[in-house]
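# Attaching a predicted model along with its sequence, questions to come.
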Amino acid sequence: MIRIENLTIHAGRFRLTDVNFEIPTGEYGVLMGKTGSGKTTILEAICGLKRISQGRILLVGREVTHLKPASRGVGFVPQDGALFPRMTVYNHLAFSLVIRKWSREATDRRVRELAEILGLGSLLPRRPEGLSGGEKQRVALGRALAFRPEVLCLDEPLSALDEDTKEETYELLLSVQKVTGVTVLHVTHSSQESAKLATRTFRLVDGAVTPMGRAEERL
Amino acid sequence: MTEAAPLTSRLETVREKSDAPFLVGLVLISSVYILLIVAMLAADASFTSPHHLLEAMNTPEIQYAVKLSLISCSLTTILSLWVAVPIGYLLSRYAFRGKSLVDAILDIPIVLPPLVIGLSLLILFQTPPGRFIERFVPVTYAIPSIILAQFMVACAFAVRTMLATFGQISPRQEHVALTLGCMRSQAFWLVVLPEARRGVLTAATLAWARSLGEFGPILIFSGATRMKTEVLPTTVFLELSVGNIEAAVAVSLLMVTAAVLVLVIVRLFGQEEAIR
């Protein structure tokens, strides 16, 4: 579960006050808002990358408001992927496991498993340079999922993809969420993405988050 | 359709002129400077002969100076990187009160006249803390003074390079690394530094080349004692002052060769990186 209580963030001129919302465990939450509305800021606050002025952040029943990003257990896929230019795809998928001192065999098993799910098998020895937009996004997703986080934060993961790749990625995101049961917060400005993916949609307008109801209720 | 015709003819009234004068100007100005550089080096080369070079290289003083220059420049480079990488990273990633002042202070060694740096170091080591250090390690007019004098200037250039390098690397990758379980130090070693490799190499080259040519601060702070505090620029100065121009030019060419070699190595390394 992702629960935001009375969240207040000041960043320069930018200000978000008293933001509240909750995504229950295992649901796919989409937060919609215009460019510059502060959706990425909320996402970064959940990941521990943005200092917050007030409020609480709870993930899977645990308060993480003052924890470092490393201790929050959030899989984060930033906009454009932000892959590590000098690492192979294999090393991307293994990164969080090496940090957690997994054994070589366990790491290798997990990397192969992820590569299988995400269709990255043939790309494992490659570096990010020369990968297509969709491939990069899948590597970023695999890197975020490797350590089996219970919460996954996606920042406009589809914005740089062409239409065909987008369609494939919808399928992939849904199947990944089904397989892993991860609670997702997906930030976007596209209502199409929300319609395809969300089980719960929120809208961020003028610094306030309002729920738009469960997908099935809307249908 | 008939109305489109006047529009087109109006567009055509922009008379086509040649770009040639602009391009010729660019090429002329550029070539004057480039020719001057090459001519300078060619004049050096024509002034000396392999015989002079060998003769110069066979004197123990010059051999000593070559050795001391190589060792001191390498030590200075290591020291400079050791300092420039943390400073560059700190300034590029963290905002704090007085940051612009720190930034300005870091430029001082670049804008100060070299002689003034030497004099300031000399005076610094006459103060009580300076003298305290001298009680344990002789610095002034000794070899450590050479490294310190080189370091003061070379490091400033290395800092500028590292600052630019880290500034160009998006912090986003580090952020991802943090969410993946890294401490800040791990994110730095595993993600940022590998990306900054070329910048580190450039900073090292710049520091090395600056230290090789450093003379002003060394003359004041280290003196110009043969076989003791004599680095290659000191040799050029000493040989010139006794009228031995052949030896001075020979040593100069040696330094030119070293500098060009370093430049070529870096270029090759850079290209290899680009191909990967």
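Looks like it arrived, so ask away.
# only C-alpha atoms for contact and neighbour calcs from this point on.
OK.
# Mind listing what's buried along the strand or helix carrying residue A:152?
In this structure, residue A:152 is located in strand A:151-155 according to DSSP states H and E. By 16 or more other Cα atoms under 10 Å in any protein chain shown, the buried positions in strand A:151-155 come out as A:151-155.
# Residue ranges in chain A under the pLDDT threshold?
Within chain A, the stretches with pLDDT under 70 are A:213-219.
# helices or strands up against the helix or strand containing residue B:206?
If you go by DSSP H and E, residue B:206 is part of helix B:197-213. If contacts are counted by 3 or more Cα pairs under 8 Å, 6 or more residues apart in numbering or on different chains; DSSP states H and E, helix B:197-213 sits against helix B:60-93, helix B:143-168, helix B:232-241, helix B:245-275.
# Could I get the contacting residues of residue 57?
You didn't say which chain, so I picked chain A. Counting by Cα atoms under 8 Å, 6 or more residues apart in numbering or on different chains, residue A:57 touches A:2-5, A:7, A:46, A:63-65.
# The chain in question should be chain B.
residue B:63.
# got it, and residue B:212?
Applying Cα under 8 Å, 6+ apart, we find residue B:212 in contact with B:69-70, B:73, B:232-233, B:255.
# what's the answer for residue A:197, then?
Under the criterion of Cα under 8 Å, 6+ apart, the neighbours of residue A:197 are A:28, A:30, A:170, A:173-174.
# Nearest to residue A:20 among the residues you listed?
residue A:30 (14.2 Å; Cα to Cα).
# what about that closest one, distance to chain B?
Here residue A:30 is placed at a distance of 20 Å from chain B (Cα to the nearest Cα, to the nearest Å).
# now residue A:78
8 Å.
# How about residues contacting the strand or helix carrying residue B:108?
Secondary structure from DSSP H and E places residue B:108 in helix B:99-111. Contact with helix B:99-111 is made by B:91, B:117, B:152-153, B:156-157, B:159, as judged by Cα under 8 Å, 6+ apart.
# tell me what the helix or strand just after that helix is packed against?
The helix or strand immediately downstream of helix B:99-111 is helix B:114-124, counting by DSSP H and E. On a contact count with 3+ Cα pairs under 8 Å, 6+ apart, helix B:114-124 meets helix B:143-168, helix B:216-221.
# quick check, nearest of the contacts of residue A:57 to residue A:75?
The nearest member of the contacts of residue A:57 to residue A:75, counting by Cα to Cα, is residue A:46 at 10.5 Å.
# three-state assignment of that closest one?
Of the three states, residue A:46 takes helix under DSSP: H, G, I helix; E, B strand; the rest coil.
# Give me the spatial nearest neighbour of it, chain neighbours excluded.
Nearest residue to residue A:46, sequence neighbours excluded (Cα to Cα, 6 or more residues apart in numbering or on different chains): residue A:57, at 6.7 Å.
# phi, psi of the one you found?
The phi/psi pair for residue A:57 (degrees, to the nearest 10) reads phi -120, psi 120.
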